[in-house]
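Peer 1: Sequence first, then the predicted structure, then my questions.
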Amino acid sequence: MSDSLFTDARLQDEIRKFGRIKQVKRDSVLMAPGDEVVFVPIVQKGVLRIIRQNEDEKEIFLYHLYPGQTCAMAINCCQSRKRSMVKAIAEEDSEILQIPVNLVEDWFKYPEWKTFVNSTYGSRFAELIEVIDLIAFSNMDKQVLHYLQERCKAAGSTALYITHQQIADELHTHREAISRLLRTMESKNILKLGRNTIELFSS
């Protein structure tokens, strides 16, 4: 499990005793908006994509979770007894360590766990600020490029198998606008478009 994350033997024992491993197939939804948050996920293998979705099912991409990382939104929801406000999707076949919500605060007695939770808030907050800046202060082309770069990083590839509609959905805009932007970016040799594929040249 997450032994490599923590060195405190007592914390490791509790993780082995109460943690549960869940295998999540690629493109499967681990958590959806409105779900009761009964566990905090720590990624062991693979990648999770975290998306904010409102009541009208409009979406905006927030960030990815990589091995050794957890979701600040899930921690916040379990501490405030709220239901999930985000959707967590497996970017690839993933292995998730599930920590019961009732243990999140109890484990603050372990300094390593408290540091882990606090650093999670710090990291995710910085990523959310970047997303807000892109939405508020950048042109849509920068938002699209950032999104594609993050998805390529998560996939470990410069090629994405994705439709223009999927990008539009997760950036809360229209497919036609995305298609126009992608064609413009292709003309600038930033990427290459194929049938439901995008190959990114820009790093």
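Peer 2: Yep, that arrived.
Peer 1: Measure how buried the closest residue to L48 other than its chain neighbours is and give me the count.
Peer 2: Setting aside the residues directly before and after it, L48 is nearest to L65 in space (Cβ to Cβ, 6 or more residues apart in numbering), at 4.3 Å. C-beta coordinates here come from the backbone N, C-alpha and C atoms, glycine included. Using other Cβ atoms under 10 Å, L65 has 27 other residues around it.
Peer 1: do the same with A32
Peer 2: 14.
Peer 1: Next, find the distance separating it from S157.
Peer 2: Distance of A32 to S157, computed by Cβ to Cβ, to the nearest Å: 27 Å.
Peer 1: again, but for A126
Peer 2: Separation of A126 from S157 (Cβ to Cβ): 25 Å.
Peer 1: Likewise for F201?
Peer 2: F201 is 13 Å from S157, by Cβ to Cβ.
Peer 1: do the same with N196
Peer 2: 15 Å.
Peer 1: what's downstream of the lowest-mean-pLDDT helix or strand in the chain, the next helix or strand?
Peer 2: Using mean pLDDT, DSSP states H and E, the weakest-scoring helix or strand in the chain turns out to be helix 72-80, at a mean of 85. Once the chain leaves helix 72-80, the next helix or strand it forms, by DSSP states H and E, is strand 86-90.
Peer 1: Who are the packing partners of that following strand?
Peer 2: strand 29-31, strand 48-53, strand 59-65, helix 72-80 (3 or more Cβ pairs under 8 Å, 6 or more residues apart in numbering; DSSP states H and E).
Peer 1: do that again at 10 Å, thanks
Peer 2: Where contact means 3 or more Cβ pairs under 10 Å, 6 or more residues apart in numbering; DSSP states H and E, strand 86-90 is packed against strand 20-24, strand 29-31, strand 39-45, strand 48-53, strand 59-65, helix 72-80, strand 94-100.
Peer 1: need the ones you listed in TSV with distance to I162, can you?
Peer 2: As requested, these are exported to TSV (distance: least, Cβ to Cβ, whole Å):
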stretch	distance to I162
strand 20-24	19
strand 29-31	17
strand 39-45	21
strand 48-53	12
strand 59-65	12
helix 72-80	23
strand 94-100	18
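Peer 1: Go through the ones you listed and name the closest to E186.
Peer 2: strand 59-65 (21.1 Å; Cβ to Cβ).
Peer 1: Any idea how many residues pack against F116?
Peer 2: 20.
Peer 1: What strand or helix carries it?
Peer 2: helix 111-137.
Peer 1: got the buried residues for whatever helix or strand comes next after that helix?
Peer 2: Once helix 111-137 ends, the next helix or strand along the chain (criterion: DSSP H and E) is helix 140-155. By neighbour count on 16 or more other Cβ atoms under 10 Å, the buried set for helix 140-155 is 143-148, 150-152, 154-155.
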